[in-house]
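Enquirer: Below is the sequence, then the predicted model.
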Amino acid sequence: MKLKIQGMNKADKIVFSRTLKKAELDNTRILEDNIAEEIKDMKRRAENDMTILGCGSIVTLFAQEGLIDEYQILVNPVILSDGTPIFKGIKHILNLN
């Protein structure tokens, strides 16, 4: 487990926030506007793969913009009384293989 945490700490990270002004984690950058365009630009320049941890409106936005190349969905067997669908608000069909 310690190696995974060290890897995460050393990795470049992006936080999408309209309210956060300073990131507490090392190697962390905050994006608040034009995030789809920023990610498109980063993908063009990227030497390594990028990973989205979490879900919600960011995944929906990136899916609609065609920015996600591969989905790996982890199912955590916890039952909650309520939740948000992964692709809530998606406006078009995603042809997944």
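Expert: Cool, the structure landed.

Enquirer: For the rest of this, base every contact and every neighbour count on C-alpha atoms.
Expert: Noted.

Enquirer: What segments of the protein are helices?
Expert: 2-10, 35-45, 57-64 (DSSP state H).

Enquirer: buried stuff in the shortest one?
Expert: Yep, that's helix 57-64 we're talking about. Using 16 or more other Cα atoms under 10 Å as the test for burial, helix 57-64 gives 59-64.

Enquirer: follow-up on the earlier one: now, of the helices of the chain, which is deepest in the fold?
Expert: Greatest average neighbour count among these goes to helix 57-64 (a mean of 17), per mean count of other Cα atoms under 10 Å.

Enquirer: Let me see the mean pLDDT of it.
Expert: Mean pLDDT, computed over helix 57-64, is 88.

Enquirer: Then stretch 32-51?
Expert: 90.

Enquirer: distance between it and the chain's centre?
Expert: Taking the mean of its C-alpha atoms, stretch 32-51 sits 11 Å from the chain's own mean (Cα atoms, centre = their mean, to the nearest Å).

Enquirer: Could you find the residue nearest the spatial middle of the protein?
Expert: residue 52 (2.8 Å; Cα atoms, centre = their mean).

Enquirer: Just give the nearest non-adjacent residue to it, would you?
Expert: residue 59 (7.8 Å; Cα to Cα, 6 or more residues apart in numbering).

Enquirer: residues touching that neighbour, list them.
Expert: 52, 86-87 (Cα atoms under 8 Å, 6 or more residues apart in numbering).

Enquirer: residue ranges of the strands in this structure, please?
Expert: Secondary structure of the chain by DSSP state E: the strands cover 13-16, 28-31.
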